[in-house]
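Asks: Generate coordinates for the sequence data below:
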Amino acid sequence: MAALPTLGEVASRSLPLVSADQSLSKAAEVMLANRALGVVTADVKRRPMLVLSYRALVRAIARGAHPQSRVSEHAVDEPVFALESMSVIDGLGIMRKTGVRFLPVVDERGRITGVFEPYHAARSLWEMLDYGDAMVEARARGLVALPGDATIREAARAMDENGVPEILVRAGEEERILREEDFLRAVAEERLDARVADYARGPVIRVPPGFDAKSAVELMLENGVRRLLVTGLERPVFATLTDLAFEAADLLSSRRPLETGFVLVRVEPGRVEEVASKAIMEEWVSEVHMVTGDYDVLVRIDAPSLREIHRVAREVIARLPGVLETKTFTGVRVAAKKAP
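Replies: Residues are numbered from 1 along each chain as shown. Just a heads-up that it's a prediction; the model follows:
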């Protein structure tokens, strides 16, 4: 199987940078200019300090924030970020665990070099898969519809309450989509009381149930859209580039051989069973053994990448209460007995 692309290879290098005291309307303008669903504030060494994501902006507007309120009032001050050397699957894994959909990408010195969103990975991941591997319904999700005379502020409330980034707008017989860029334009222009019909510009491209997922990704990329409307079901749903990127990551992860690592753990007296019972509950941990000698516990980790093994060892196992010291080894299988 071909090597996975790294975050540095697929991330956008157009940096949506703002200062903490700039307004939400300015943040929306910067997102539009950089085709990004978030903005970042950085320190003098270009390390990410604050992140205001599109989701956070929607939530702020939904809850009554004025477009002139400051970015710092609504941004996350301990942002999640990822190294540019990580694979896109590792990046999507971070997103899945933290619930974010916008990641600053940094170099080894912590300096921001790009931003990563799930749709950035859709093309490269599906190029590694075949037609027929999945259907659009695999990750399709419910849609939210509003009449054309609903306001932008009402659209923000609907998106926030339902956890979606877009609205299907119905005005008479016509249907359009209030896309992320449409909402951002309204916020940048501070027209929160405008009708959604005045801003919804997204074309509705329909596909039937059972439509091939790889073909769907190609169709979206060819038409410059991020979602398709799947009709013919009991209820219409959206299939999006973001959701299909996660589907591709799961398909590829299930097919790639796992890397194996072993972590020796030294534990405070009397806490061996406690550490062992907690370690076995962690993701990617497949075995835990109590051992004799200089260490007390041996943890086996089977994960998609060596980087993930070291992350689990460093950020999870080493931080369990009662752990004094860890030592990590990665293994390469050279021989194995066949099952009888």
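Asks: now the helices for the stretch 151-300 of the chain?
Replies: 152-162, 180-188, 213-223, 241-255, 272-279 (DSSP state H, counting those that start in this stretch).
Asks: and among those helices, the most buried is which?
Replies: Stretch with highest mean neighbour count among the helices of the stretch 151-300 of the chain: helix 180-188 (a mean of 23; mean count of other C-beta atoms under 10 Å). Where you see a C-beta, it was placed from the backbone N, CA and C, and this is true even at glycine.
Asks: which residues sit against that one?
Replies: With contact meaning C-beta atoms under 8 Å, 6 or more residues apart in numbering, helix 180-188 is reached by 24-26, 28-29, 31-32, 35, 37, 54, 57-58, 61, 67, 152, 155-156, 159, 165-166, 192, 194, 199-202, 226.
Asks: Show me how to select, in PyMOL, the buried members of those residues.
Replies: Selection command for PyMOL covering only the buried members of these, criterion 16 or more other C-beta atoms under 10 Å:
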select buried, resi 24+25+26+28+29+31+32+37+54+57+58+61+67+152+155+156+159+165+166+192+199+200+202+226
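Asks: among the helices of the stretch 151-300 of the chain, which is nearest Gly91?
Replies: helix 241-255 (9.1 Å; C-beta to C-beta).
Asks: Give me the contacts around that closest one.
Replies: With C-beta under 8 Å, 6+ apart, helix 241-255 has contacts from 1, 4, 88-89, 92-93, 96, 101, 117-119, 121-122, 125-126, 128-129, 133-134, 136, 138-141, 213, 216-217, 220-221, 226-227, 304.
Asks: what's the first-to-last distance across stretch 253-269?
Replies: Across stretch 253-269, the terminal residues are separated by 38 Å (C-alpha to C-alpha, to the nearest Å).
Asks: average pLDDT for it?
Replies: For stretch 253-269, mean pLDDT rounds to 89.
Asks: in that stretch, what counts as buried?
Replies: Using 16+ other C-beta under 10 Å as the test for burial, stretch 253-269 gives 253, 259-267.
Asks: any idea which of those residues is closest to Val297?
Replies: Of the buried residues of stretch 253-269, the one sitting nearest to Val297 (C-beta to C-beta) turns out to be Val265, at 4.1 Å.
Asks: need the contact list for Ala279.
Replies: Applying C-beta under 8 Å, 6+ apart to Ala279 gives the contacts 265, 285, 288, 297, 299, 317, 320.
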